[in-house]
Structure formats: C-alpha cells, structure tokens
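Undergrad: Sharing a model prediction with you, sequence too.
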Amino acid sequence: MRFGIFCAIIDNYGDAGITWRLARQLRDDFGQDVTLWIDDLHTLATLAPEIRTTEKVQQCGKLTLRLWDRSQPDEIDREILAQIDVAIEAFGCGLSEPWLGALARQCPPPLWIHLEHLTPELWAEEVHGLPSPHPRLPLTAWFFVPGFTPRTGGLLRERTLLEQRNRFQGDPKRIARFLDRIGQTETLEARRITLFCYADAELSAFLAWLAHDPQATAVFVPPGQPRQALARTGLELGTKILTHPDAPQVRFVPLPMLPQDDFDRLLWSCDFNWVRGEDSFVRAQWSARPFLWHPYRQEDDIHLTKLEAFLGHYLADAPPSLADLATQWFLNSNRGRETPEDWRGLWQRRDLWQAHCQRWCQHLALQEDLCSRLLDFVARNAIK
Ligand SMILES: Cc1cn([C@H]2C[C@H](O)[C@@H](COP(=O)(O)OP(=O)(O)O[C@H]3O[C@@H](C)[C@H](O)[C@@H](O)[C@H]3O)O2)c(=O)[nH]c1=O
C-alpha cells in the first residue's frame, strides 16, 4: 500500500517527531511505501541527523521525504498523489484546495485520515473512527485518535521496541557503551535523570529536593526550553557540565538533541525522566521507568483535564499509597506548586513506583500498537 503523510510544524518537535516515527514504522515494520510531506526539514533534522536540509526530495529506502509546499502540489507531487491509497493529515495541518483537489481527482479517491493528537480523555473513544464527509469534494475524512484504550487509535510502538529495551536495560555494558558514545561515562555511577521540560516549568522544588539528597545525581538537559527553565532558577548551563552551587553531588549535563533512537536509549538508561508533550511522554512509558509528564500547555487549563484523565488510567491499579502521592505530585508540578516533600515522598517509594511503571508498560503492550490499528482501520475502510 502507498501512504502519504502530511505534516506542518507549528512549534516544538512533537509534530515532526511523531510523523517521522509513524513513517519509519510503516516502512520498517510493515513494508509500506510512504511519502512524508513536511514543511520544515530543519526541525526534522534535529531528531533525524541523516536528513539533508538542503534537499527538497530525499529517498530513505521505501520512505520518500518531500519538502511540502503547502500552497499547491507540483507535477511530481501530483504523480505521487495519484498513486497513494491513504492520505494522513497530521494534527489538523490542513490540506489546501489544490492538494485536496488532486486527491479528490483520483477515482476512487484515497482514504483520507485525520490523525489527531494523543489524548487520554474519554472522547478519544467516541471520536475515533468517525467519518466526516467533505462538503463539496468526493472525499471523506476519518478521525484517527491515538489513546490509551483498545477503542482508540492506540500508541506508536515499534515491533521490537520492548525487546530492545529489555536487552539494553538488562546489560550494564550496553548502558556503559551508550553513555560512552554520548560522552557521559562519568555518570555511570550516578542516579541519572532526563530533564526534557518546557521553558515555563517551575524547577525550584525539584532542585531543592536534589540539593538536600546526598545521592550523586546527573541531570541530562537537552537544548532549548529545558535550559531556559533552568536559567530561570539562576543556573546558566553552557557547553560544559555545571555543578549545583550548593550541592556538589548534583551535576547538570548539557546534551545535544539526540537522534530519536538514542533519545530512547537515554530514557532507558535513566532512573527518572521528566518528559513533555506527546511523543517523549509515550516513550517514557515504554522505558518503564518513573516519569513526570508536563502536557503541552493549552488555554483554559485543558492540559490539566488531559493530565487528570491520564492519571485516571495510569494510576487505576496502583497501590493507593503511591496513587495518592503521585496524583498530588503530577498535579502540583503542572500547576507550578509542588514542594521538595512531594519529590522526597515519591522517591522514598521508588521501588513501588518502578514496579508500577513496569506493570503499566506491560498493560499497554498487551494492546495493539498504533500502526497495526491504522492498517486494520485502512483494511476495513479501504475504498480501493
Ligand atoms: C530531547 C530530544 C527529543 N527528541 C524527540 C522525541 C520526540 O519525538 C520529540 C519531542 O516531542 P514531544 O515529546 O511530543 O514534545 P514537544 O513539546 O517537542 O512537542 C509538542 O509539540 C506541540 C506543538 C504539540 O502540540 C504537542 O502535542 C507536542 O507534540 O523530540 C529526540 O529525538 N531527541 C532528543 O534529544
């Protein structure tokens, strides 16, 4: 089958990260032909260094990457469009009339899928799979809503992901080799934490907890917003490791943006991951390690509703002593109101928490992954 995926980058990395991951998995795990039209190669190249930002068209095996001119398709775009079976419009990026017209000219037209943002909310089940006929063109959009339950679009999970993770986490030599490759062998003995937060994250309680905890800790800090959040606390991280001024056991390690697969390895090798948005949030769950999630901030605190819905799934079967503390901590942190005691309390229950993350990951892995559900959806609704 031939897939066309359309992605416009609004801000951050999630849109590029998710569509790139989806395109690669359709190619690698399911042998599909994929064309990914994306309107910003530079953002994509930060997570996929093999991408050449100067080339508007590039072939990555059965995956064709094209710089997307959203105004209208050129002749080659039209040729590809004429052959695709499934058009995936990611995150409401909007296909302009000339692009939609080219799709509609196919006879019969391709299956047109609106890939929505992941949501843990109940409406994911209600909206997932609904059709929405175009008012004028002979095209029907189908909503595909990723989520946490079997009646949604599920979560992206590559076929061998969890085996790879198990091999990695179970083998200290692999972890050491990875840390060596990213130049961080000296963090081997320390507690390791990834800090991939937004610029407005309130870090003072987290830093106070670390400073009063005698355990040696390395905090890995990717570029951009996490460093801005750190800078707001007076810690300016440059290109070198920075030691906490009041706590020599705490070090902040600047990392470059890693390729997506290495980012997974980073999460797998950490004891705790602070993640955000959508894709890193899902990857943290596949790492089966304790994590904190800051959803992408939305108007009217919609992100807090999302968070509460997620906690309802995630902590439903957790021991009550963990569930109560974790709920309070997630909510407080997302409101910028958590205390060092929130951190301390949870960390004291680390074994319980770790075991819960493992069980949660297993629970999610019992469900079909997003690509399998997508292919099943296509098979059930294909017009041609
Ligand atoms: C730090 C780091 C991230 N990544 C990848 C992992 C993910 O694919 C991507 C980060 O995406 P997210 O975790 O989703 O967080 P984000 O904040 O960057 O993206 C967000 O952008 C908004 C516009 C969307 O509306 C949100 O839903 C969300 O997707 O970056 C790397 O590959 N290497 C790295 O070193």
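TA: Cool, got the structure.
Undergrad: Pick out the residue nearest the middle of this structure.
TA: Nearest to the geometric centre of the chain sits D279, at 0.5 Å (CA atoms, centre = their mean).
Undergrad: Could I get the phi/psi values of that one?
TA: phi -70, psi -40 (degrees, to the nearest 10).
Undergrad: how much space between the closest residue in space to it that isn't next to it in sequence and E278?
TA: Spatial nearest neighbour of D279, chain neighbours left out: G17 (4.5 Å); criterion: CB to CB, 6 or more residues apart in numbering. To be clear about C-beta, it is placed using only N, CA and C from the backbone, and glycine gets the same treatment. G17 sits 8 Å away from E278, going by CB to CB, to the nearest Å.
Undergrad: so who does the residue of the stretch 251-384 of the chain found nearest the ligand touch?
TA: Nearest residue of the stretch 251-384 of the chain to the ligand, counting by CB to the nearest ligand atom: G277, 2.5 Å away. Contacts here follow CB atoms under 8 Å, 6 or more residues apart in numbering; on that basis G277 touches 12-14, 295-296.
Undergrad: repeat for Q228
TA: Contacts of Q228 (CB under 8 Å, 6+ apart): A199.
Undergrad: cool, R227 as well?
TA: 221, 237, 254.
Undergrad: Quick check: it vs the ligand, distance?
TA: 11 Å (CB to the nearest ligand atom, to the nearest Å).
Undergrad: element containing that residue?
TA: Using DSSP states H and E, R227 sits in helix 225-231.
Undergrad: so how far is that helix from its chain's centroid?
TA: 19 Å (CA atoms, centre = their mean, to the nearest Å).
Undergrad: after that helix comes which helix or strand?
TA: strand 242-244.
Undergrad: rewinding a little: buried sites along the helix holding R227?
TA: By 16 or more other CB atoms under 10 Å, the buried positions in helix 225-231 come out as 225-227, 229-230.
Undergrad: okay, those in CSV with pLDDT next?
TA: What follows is these, written out as CSV (pLDDT from 0 to 100):
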residue, pLDDT
Q225, 98
P226, 98
R227, 98
A229, 98
L230, 98
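Undergrad: Those: which two are farthest apart?
TA: Q225 and L230 (9.7 Å; CB to CB).
Undergrad: number of nearby residues for P120?
TA: Neighbourhood size, P120 [other CB atoms under 10 Å]: 21.
Undergrad: do the same with E368
TA: 16.
Undergrad: what about the residue in the stretch 1-150 of the chain that the ligand sits nearest to, neighbour count?
TA: As assessed by CB to the nearest ligand atom, the ligand sits closest to G14 within the stretch 1-150 of the chain, at 1.6 Å. For G14, the neighbour count with other CB under 10 Å is 20.
Undergrad: from what I can see it touches E278, true?
TA: Yes. Using CB atoms under 8 Å, G14 is in contact with E278, at 4.8 Å.
Undergrad: Now the common contact residues for the two.
TA: Common neighbours of G14 and E278 (CB under 8 Å, 6+ apart) are Y296.
Undergrad: Is stretch 143-160 positioned near the ligand?
TA: No. Using CB under 6 Å from any ligand atom, stretch 143-160 stays clear of the ligand, with a minimum separation of 9.6 Å.
Undergrad: Give me the buried positions along that stretch.
TA: In stretch 143-160, the ones that count as buried by 16+ other CB under 10 Å are 143-148, 152-158.
Undergrad: does T233 really touch A201, like I thought?
TA: No. When contacts are counted by CB under 8 Å, T233 is not listed as touching A201 (10.0 Å).
Undergrad: Would you mind writing the CA trace of stretch 3-12 as CSV?
TA: What follows is stretch 3-12 as a C-alpha-only set of coordinates in CSV (Å, rounded to 0.1, in the frame of the first residue of the first chain):
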residue,chain,number,x,y,z
PHE,A,3,0.8,6.1,2.3
GLY,A,4,1.1,9.9,2.1
ILE,A,5,1.6,11.7,5.4
PHE,A,6,1.3,15.5,5.7
CYS,A,7,3.0,17.4,8.5
ALA,A,8,3.2,21.1,9.2
ILE,A,9,5.5,22.1,12.0
ILE,A,10,3.8,24.6,14.4
ASP,A,11,6.4,24.7,17.2
ASN,A,12,8.5,22.3,19.2
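Undergrad: For that stretch, buried residues please.
TA: Quick answer for stretch 3-12 (16+ other CB under 10 Å): 3-9, 12.
Undergrad: where does the stretch 251-384 of the chain dip in pLDDT?
TA: Counting by pLDDT under 70, the ranges of the stretch 251-384 of the chain that qualify are 383-384.
Undergrad: Show me what from it comes close to the ligand.
TA: 257-258, 260, 263, 276-281, 296.
Undergrad: As CSV, these with secondary structure would be great.
TA: CSV is the format used below for those (DSSP: H, G, I helix; E, B strand; the rest coil):
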residue, secondary structure
M257, coil
L258, coil
Q260, helix
F263, helix
R276, strand
G277, coil
E278, coil
D279, helix
S280, helix
F281, helix
Y296, coil
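Undergrad: Just the closest of the residues you listed to I113, please.
TA: E278 (17.4 Å).
Undergrad: what's around that closest one, how many residues?
TA: Neighbours of E278 (other CB under 10 Å): 24.
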